[in-house]
Structures are given as C-alpha cells and as structure tokens.
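S.K.: based on what follows, work out the 3D shape:
(chains A and B)
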Amino acid sequence: MINPESKKRIAEEVRQSLTLIIQILPLILCGILMSAAISSLLPPETVMKFIGNEAGKKSIFIGGAAGALAPGEPFFGLPIAEGLAKAGAGYGAMVAFIASWALFSVTLYPTEIALLGWRFTLLRSLVNLFIPILSGIIAYIMV
Amino acid sequence: MHNEKDRANAGNNSNNNRLMLVYLVMAIPTIVLMGVAYVLAPEKIALEINKSAFTLMEALPAVAISILVTAVITALIAPQLITKWAGNNSGITGVLIAAGAGALIPCDPALGLPMIWGIARSGAGIGFIVALLTSSKLFSFMRIPDYFTFLNLELATFFLCSNIIMPFLSGLLANFLAGYFPSIKGKNLIQGHS
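M.R.: Numbers count the residues shown, from 1 in each chain, chains lettered A, B, ... in the order given. As a prediction, this is how the structure comes out:
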C-alpha cells in the first residue's frame, strides 16, 4: 500500500506536472512550426552542396555546423546524411553531421528548454560541443 | 506570514517573467522562419503545416502522459536511492551508469525529456543528467534502428563506434565544471528554470 507521505508526494508531483504540461504547450508548437519552416526552406540538395567531397577536411566542421540546422526528425536528418555519403562526402563529415544533428538540431531545442530550462540546455550544449568534431576526426582516422 | 506570502508572490512573478522570455525567444525565430517560408515556398509550407498538425496531435497526449507517469514513478522511488547512484557524489560510477542507461531513454523529446526532468528533480547530479541526455540523443533504443534503416551499414557502424565514449566524456566534463562552479548542480539548475 502507498503510505500517506508518498501519496502527498505523488499529489504534489502531479500538480507540478500539470502546470508544466500547460507551460510547454506553446514551445512544442514553436518547435513543430520551426521544423515545418526549415523543411520547406532547406531541401537536401542545398545541404549537399556545402558538404560535398570538394570541401575536404574542412567538411568535418561544415558537416558539424550543417547537422545542427537539419530538422530533428530521423526521416529528414538521416536521409540527408545518407544522400551526402552517396554523393561522395567523407565519413568524417557525415559522422560529424549526424552527431551534430542528434545533439544540436534547432528544432529539438524548444522542448528541451521548456522542460530542463535554458541554463541546463546551455550547459549541456557547451559540454557536447566537442562531440561532432571529435567523433568526425575519429571516423576520418578510422577510414 | 505576510512576508512569506510576499516572497512567494515575488518568486512566482520572477518565474513567470522567465517563462515569458523563453516564449518570446522561441516565438521570434518561429515567426521569422514561417514568414520567410511563406514568401519563398508558399505551397511547401502549407503542406508542412498540414503535416505538423498531425505531429502536434500525436505529440500532445504523449507529452502529457509521459510527464505524469514519470512524476508518479519518481515520487515512489526513494530519494536516497537516486542520490546514492545518480547524485552529485556518485562520481565516475554515476556517469558510467548514466552513459549506459541513456540508451534505454526514448530519444523523442516528448517522451524522453520528461523522464530526464523527473530524474533530475529527484536529486541526480549534473554529470549524471548530461551523460544520460547525451546518451539518449545518440544511442537511444528508438534511434538505433533509424541509423540502420536510413544509413548504409558501414556509415551507421562508423557513427556508433566513433561516438561510443562521448556521453561518458560529456558527463565527466559537466562534473568537472560543477566542481569549479557549484551553482551548476543538477537539481538546482533544472528546478530553478520555471
């Protein structure tokens, strides 16, 4: 059986959660609309132009930066990465692109800020900054 | 008594102001992007908004249920248990556990972030939360099949191998920073935002 102390804690948690649900609704809407706008404005072919083979080693950095601009849905970010790989982009750039897309996709930020707060989100982003570049370099060396 | 009420009201006002700022910061790029998309690709944006309506309908119940379930679960778990295995003093072991456990958290922010929010509020340390979130974003059980579905086998394998240690390193880095800046302890950092 649940003791009265736990019941009180559950009631308090549920009350706070309901407030949170109401607070984050506008932010979820923003995220979904931003994703829609970026999907319309950023066709995969345009992205390919910037991280093609001709970019060389710089492509790891360009891939890392471009990944953050791709909408967070797997059906958008990952097909771009595969398309780029097929078009001749290096695996270093692609690994940086995918890591950056998974960690920094702009469309995933509204929910993270809403739930975990902008201070935590900023800290998490800062300590994750090295990941796309380091993993891109590791992949570049491994190939 | 009166002073306590005043303090509570001041705290609520400050939280409301912060929330309004977050709304504003998110609303401005959304409106700008929607405006640019409407001018440059009016047909495409109409199609995307149509798709977004479905996404919204799918996401809202999932967010609400996930937040409520997590709240109840975390209320039932003894805080001492979380403090021991995930708290600021759990050190490298805590970060290592989080780096592995993140794979069990859904990468969909609507489902996974409420869980992480609940764990953070229960007293998990900053290194633990950062490693958990980083791991869920890179290696969530929901994401691994996507890698192998959308990418070729070689690229997916390269990606997973190159990133395997990253959640652990991020967690350690966050713990290291928390050592220098005590104000960035997990629970306070996250609870203080709204």
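S.K.: only C-alpha atoms for contact and neighbour calcs from this point on.
M.R.: Noted.
S.K.: what's the weakest-modelled helix or strand in the chain?
M.R.: In the absence of a named chain, chain A is used. helix A:44-50 (a mean of 63; mean pLDDT, DSSP states H and E).
S.K.: chain B, not that one
M.R.: Here the helix or strand of chain B ranked lowest by mean pLDDT, DSSP H and E is helix B:186-191, holding a mean of 58.
S.K.: residue ranges with poor pLDDT in chain B?
M.R.: B:1-15, B:18, B:59, B:70, B:74-88, B:183-194 (pLDDT under 70).
S.K.: residue closest to the middle of it?
M.R.: With distances taken as CA atoms, centre = their mean, residue B:113 lies nearest the centre of chain B, 3.9 Å away.
S.K.: that residue in helix, strand or coil?
M.R.: Using DSSP: H, G, I helix; E, B strand; the rest coil, the secondary structure recorded for residue B:113 is helix.
S.K.: quick one: it and residue A:113 touch, right?
M.R.: No: Residue B:113 lies out of contact with residue A:113 (CA atoms under 8 Å); the separation is 10.0 Å.
S.K.: so which residues of the chain form helices?
M.R.: Since no chain was named, I'll use chain A. A:4-41, A:44-50, A:58-69, A:74-86, A:91-104, A:109-116, A:118-128, A:130-142 (DSSP state H).
S.K.: meant chain B actually
M.R.: Using DSSP H, helices in chain B cover B:2-40, B:42-76, B:79-86, B:91-101, B:109-121, B:126-139, B:144-150, B:153-163, B:166-180, B:186-191.
S.K.: most tightly packed of these?
M.R.: Comparing those on average neighbours per residue, with mean count of other CA atoms under 10 Å in any protein chain shown, the densest one is helix B:126-139 at a mean of 30.
S.K.: does chain A sit close to that one?
M.R.: Yes: Helix B:126-139 is in contact with chain A by CA under 8 Å from any CA of the partner chain, via B:130, B:134, B:137-138.
S.K.: CSV for these, including distance to residue B:117?
M.R.: Below are the residues of helix B:126-139 next to chain A laid out as CSV (distance: CA to CA, whole Å):
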residue, distance to residue B:117
B:130, 11
B:134, 14
B:137, 15
B:138, 18
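S.K.: out of those, flag the one nearest to residue B:31.
M.R.: residue B:137 (27.0 Å; CA to CA).
S.K.: isn't the closest one right up against residue A:100?
M.R.: No: counting by CA under 8 Å, residue B:137 does not reach residue A:100; the two are 10.2 Å apart.
S.K.: and residue B:140, how close does it get to residue B:108?
M.R.: With distances taken as CA to CA, to the nearest Å, residue B:140 is found 9 Å from residue B:108.
S.K.: out of the two, which sits in the busier spot?
M.R.: Ranked by neighbour count (other CA atoms under 10 Å in any protein chain shown), residue B:140 and residue B:108 place residue B:140 first, with 23 against 18.
S.K.: any low-confidence regions in chain A?
M.R.: In chain A, residues with pLDDT under 70: A:1-2, A:35, A:38-39, A:42-56, A:73-76, A:87.
S.K.: so for residue B:137 and residue A:100, which residues contact both of them?
M.R.: The contact sets of residue B:137 and residue A:100 do not overlap (CA atoms under 8 Å, 6 or more residues apart in numbering or on different chains).
S.K.: list the contacts for the residue most central in space within chain A?
M.R.: Geometric centre of chain A, nearest residue: residue A:105, 2.8 Å, by CA atoms, centre = their mean. Counting by CA under 8 Å, 6+ apart, residue A:105 touches A:67-72.
S.K.: isn't residue B:139 up against residue B:101?
M.R.: No: the pair residue B:139 and residue B:101 fails to qualify as a contact (CA under 8 Å) at a distance of 9.8 Å.
S.K.: got the contact list for residue A:41?
M.R.: By CA under 8 Å, 6+ apart, the contact list for residue A:41 reads B:37, B:40-41.
S.K.: from chain A, how far out is residue B:155?
M.R.: According to CA to the nearest CA, to the nearest Å, residue B:155 and chain A sit 7 Å apart.
S.K.: ah, wrong one, I meant residue B:34
M.R.: Residue B:34 is 5 Å from chain A, by CA to the nearest CA.
S.K.: contacts only, for that residue.
M.R.: A:33-34, A:37, B:45.
S.K.: could I get these in a markdown table, plus columns for distance to residue B:145?
M.R.: As requested, these are exported to a markdown table (distance: CA to CA, whole Å):
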| residue | distance to residue B:145 |
| --- | --- |
| A:33 | 26 |
| A:34 | 26 |
| A:37 | 27 |
| B:45 | 29 |
